[in-house]
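**Student:** Here is my input, please return the structure:
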Amino acid sequence: MSNSSTPSILSESSSTTPEIVAPETVTPKATSNVITPLIEQLTSGSFKQQLSAITALQSLGEPGLGALIDFVQSQVPLPLSAPSAAAVGKVHQILVQQADQFSPAQALLENELSQGPFAVQPDWSVDYQELQQLLARQDYEAADRLTMQKLCELAGPDALARKWVYFTEADRMPIADLLALDQLWQAYSENRFGFSRQREIWLGVNQNWDRLWEKLAWKSGNIWTRYPGEFTWSLTAPAGHLPLSNQLRGVRMIAALFDHPAWKDTAAE
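**Tutor:** Numbers count the residues shown, from 1 in each chain. This next block holds a predicted model:
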């Protein structure tokens, strides 16, 4: 927090959320004074602190967007497992939104980020570039459909032909690929979505399926949420809301998914 003699666009309120003053009311020197600590917060803070810094930098207009571009360029190509993946994913989404109004963002997307910010891993069995681009555009409905297609690809030709996965086919999915799908959803949802997030919630309700459906907003009382119109295809959805699973076929597939060896590192939960 700056003292009263130092110009700043941020001031502490009673909550932890920074109050953002309109950029046009701030002198260039004041903007520079604010950007430096925000960049430090973005590069070394917790994700909550990173998200706050991203929001503040975006509010500064072109100077702040330029700092966000510098941040992404310093990170890519980035493994999806990196601690900063969610921050990079969030900045990628902002740059996609701002590309039409901010030419440096457009240039970055057409060049360095043409394949996305995340490094392709040699042990991936399928291509996730299209999914990454859909998530970057926050087209969560299309990303959800493509995720199911990718799961079918991973499960084998029979699953791909029928367009859904038997629970007995879940074990065929390579660990690296299931983690890639999960981590892409996390990276582009502020860590709110993904299979591991759903599994975490499931464990938190003592593996009670009815309580899970309610938590994910897939069911209300005895009424299933209708696809697609009643689902929430945005970050306003409850944690774990996406990607979807066809629970109408029963719990065996999602149970097999939650029991997959990909999550062995979280077995202690």
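
**Student:** Tell me the confidence at the residue nearest to residue 158 when sequence neighbours are not counted?
**Tutor:** In space, and not counting its chain neighbours, residue 158 is closest to residue 169: 7.7 Å by Cβ to Cβ, 6 or more residues apart in numbering. Heads up, the C-betas are built off the backbone N, CA and C, glycines and all. Note for residue 169: predicted pLDDT of 95.

**Student:** Also residue 246?
**Tutor:** Looking at residue 246, its pLDDT reads 79.

**Student:** Could you give the backbone dihedrals for the residue nearest in space to the middle of the chain?
**Tutor:** The centroid of the chain falls nearest to residue 188 when counting by Cα atoms, centre = their mean (2.1 Å). Main-chain torsions, residue 188, degrees, to the nearest 10: phi -110, psi 20.

**Student:** For it, give me its contacts.
**Tutor:** Residue 188 sits next to 89, 90, 92, 93, 132, 135, 136, 138 when contact means Cβ atoms under 8 Å, 6 or more residues apart in numbering.

**Student:** Pick the one among those residues closest to residue 103.
**Tutor:** Residue 103 lies nearest to residue 92 out of the contacts of residue 188, by Cβ to Cβ, at 17.0 Å.

**Student:** what's the neighbour count on that closest one?
**Tutor:** Other residues within reach of residue 92, judged by other Cβ atoms under 10 Å, total 26.

**Student:** following the host helix or strand of it, which helix or strand comes up?
**Tutor:** Assigned by DSSP states H and E, residue 92 belongs to helix 85-98. Following the chain from helix 85-98 toward its C-terminal end, the next helix or strand by DSSP H and E is helix 103-110.

**Student:** Determine the set of other helices and strands touching the next helix or strand after that next one.
**Tutor:** Remark: after helix 103-110, the chain's next helix or strand is helix 129-136, criterion DSSP H and E. Contact partners of helix 129-136 among helices and strands, from 3 or more Cβ pairs under 8 Å, 6 or more residues apart in numbering; DSSP states H and E: helix 85-98, helix 140-155, helix 175-187.

**Student:** quick check: angle from helix 129-136 to helix 103-110?
**Tutor:** 150 degrees (axes from the mean of the first three to the mean of the last three Cα atoms, to 10 degrees).

**Student:** which parts of helix 129-136 are buried?
**Tutor:** Neighbour-count burial for helix 129-136, counted by 16 or more other Cβ atoms under 10 Å, picks out 131, 132, 133, 134, 135, 136.
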